[in-house]
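**Q** below are the sequence and a predicted model; questions follow.
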Amino acid sequence: MKLPILLEMDGLKALVIGGGNVGSRRAQTFAQAGCRVTVLTPSSEGNQREIPGCCVQAQPYSAEQLEGVSICAAATSDHALNAQIVDDCKARGILVNAADDPDRSDYFFPSVIRRGDLTISVCTEGASPSMTREIAETLREQYPESVGEKLKYLKILRGRILNDGRPKAEQRRDLKRIAGWPLERLKEEAERGA
Ligand SMILES: C[C@@]1(CC(=O)O)c2cc3[nH]c(cc4nc(cc5[nH]c(cc(n2)[C@H]1CCC(=O)O)[C@@](C)(CC(=O)O)[C@@H]5CCC(=O)O)C(CC(=O)O)=C4CCC(=O)O)c(CCC(=O)O)c3CC(=O)O
Ligand SMILES: NC(=O)C1=CN([C@@H]2O[C@H](COP(=O)(O)OP(=O)(O)OC[C@H]3O[C@@H](n4cnc5c(N)ncnc54)[C@H](O)[C@@H]3O)[C@@H](O)[C@H]2O)C=CC1
């Protein structure tokens, strides 16, 4: 069973094998999360592709490349190779995803919507990535960028409430109440106490 948790990825070493469409997307996802990312591509593809924030190496995969790696994504179009990478990672306790094998993957890449401190993640565990995309689109409209701004003020007000020395029950009541306030009111209240 897959558990949705938010992992701190800063500084972790990630290895992506295959620098095609899917591989470069995976690599950028890791890089944006602060990982140190290496992408292995066949030497024939050499310097064809640059992937922002990633170290692209025109080298074949070998299990030695897994040294020091925390998380791995096998994204080649070679099914047998992807399966070998999964075996090698599992033998070493490294978390692994295979782009062509949801059943053997330790984790999935969901569709992610970020609005400031709000993270919404959608996944159908491979049943229908198209449906995932559709649901994510709906959520993007339902939760516009302004939600991130709201959260910024809620965080300030929450900090204040938790430090105001009142009984816990009263604080909780207020925390629930302000969560329903519109942006303007939150902003006003947060700026008033600043
Ligand atoms: C298991 C998983 C990978 C993992 O994480 O391990 C996986 C597996 C596979 N996808 C395939 C196909 C497609 N994937 C997409 C799109 C996305 N796929 C994504 C995730 C995942 N895809 C994971 C499960 C997530 C879940 O189920 O919720 C998203 C969310 C994130 C991302 O990839 O970055 C991104 C949407 C991002 C967004 O826009 O929000 C589209 C649609 C499109 O591109 O428009 C198609 C074609 C239409 C279709 O098939 O529906 C195939 C067949 C490949 C083949 O034919 O060879 C496989 C392999 C298999 O099924 O075996
Ligand atoms: N969202 C998802 O998870 C999706 C997954 N897939 C799966 O992902 C895999 C890759 O798909 P794409 O990136 O679209 O294909 P692609 O053809 O764009 O890229 C495949 C890459 O694998 C590389 N490759 C092939 N053999 C290799 C080897 N021995 N060593 C290193 N690299 C090697 C190729 O050079 C190429 O760069 C496929 O298995 C496909 O079934 C495909 C579409 C969506």
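**A** Nice, I can see it. Ligands and ions are numbered 1, 2, ... in the order given.
**Q** report how many residues lie close to the closest residue to Thr76 other than its chain neighbours.
**A** Computed as CB to CB, 6 or more residues apart in numbering, the closest residue to Thr76 that is not its neighbour in sequence is Gly18, at 3.5 Å. Quick note: C-beta positions are derived from backbone N, CA and C, even for glycine. Neighbours of Gly18 under the rule other CB atoms under 10 Å: 26.
**Q** same question, the one 4 residues further on
**A** Summarising burial for Val22: neighbours were counted as other CB under 10 Å, giving 18.
**Q** same deal with Thr138?
**A** 10.
**Q** hang on, it in a helix?
**A** Yes - under DSSP: H, G, I helix; E, B strand; the rest coil, Thr138 falls within a helix.
**Q** can you read off the pLDDT for it?
**A** Note for Thr138: predicted pLDDT of 98.
**Q** distance of it relative to Met131?
**A** 11 Å (CB to CB, to the nearest Å).
**Q** list the contacts of stretch 33-45.
**A** The contact list for stretch 33-45 (CB atoms under 8 Å, 6 or more residues apart in numbering) reads 9-19, 23-24, 27, 30-31, 48-49, 51, 53-61, 65, 71.
**Q** can you measure across that stretch, start residue to end residue?
**A** End-to-end span of stretch 33-45 (CA to CA, to the nearest Å): 26 Å.
**Q** buried ones in that stretch?
**A** 35-41 (16 or more other CB atoms under 10 Å).
**Q** one more: stretch 112-125?
**A** 113, 115, 120-124.
**Q** same check, this time on stretch 126-138
**A** Buried residues in stretch 126-138, counting neighbours by 16+ other CB under 10 Å, are found at 129, 132, 135-136.
**Q** now swap in stretch 160-176 and tell me
**A** Buried residues in stretch 160-176 (16+ other CB under 10 Å): 161, 171, 174.
**Q** also stretch 144-163?
**A** Neighbour count says stretch 144-163 has 147, 150-151, 153-154, 156-158, 161 buried, by 16+ other CB under 10 Å.
**Q** next: stretch 98-106.
**A** 98-99, 105.
**Q** filtering the residues you listed by proximity to ligand 2, which remain?
**A** Intersecting the buried residues of stretch 98-106 with the contacts of ligand 2 gives Ala99 (criterion: CB under 6 Å from any ligand atom).
**Q** point out the residues in the chain that sit beside ligand 2.
**A** So far as CB under 6 Å from any ligand atom goes, the chain lies against ligand 2 at 17-23, 40-42, 45, 60-61, 75-78, 81, 99-100, 129.
**Q** point out the ones among these that are inside strands.
**A** Those of the residues of the chain next to ligand 2 mapping onto strands are 17, 40-41, per DSSP state E.
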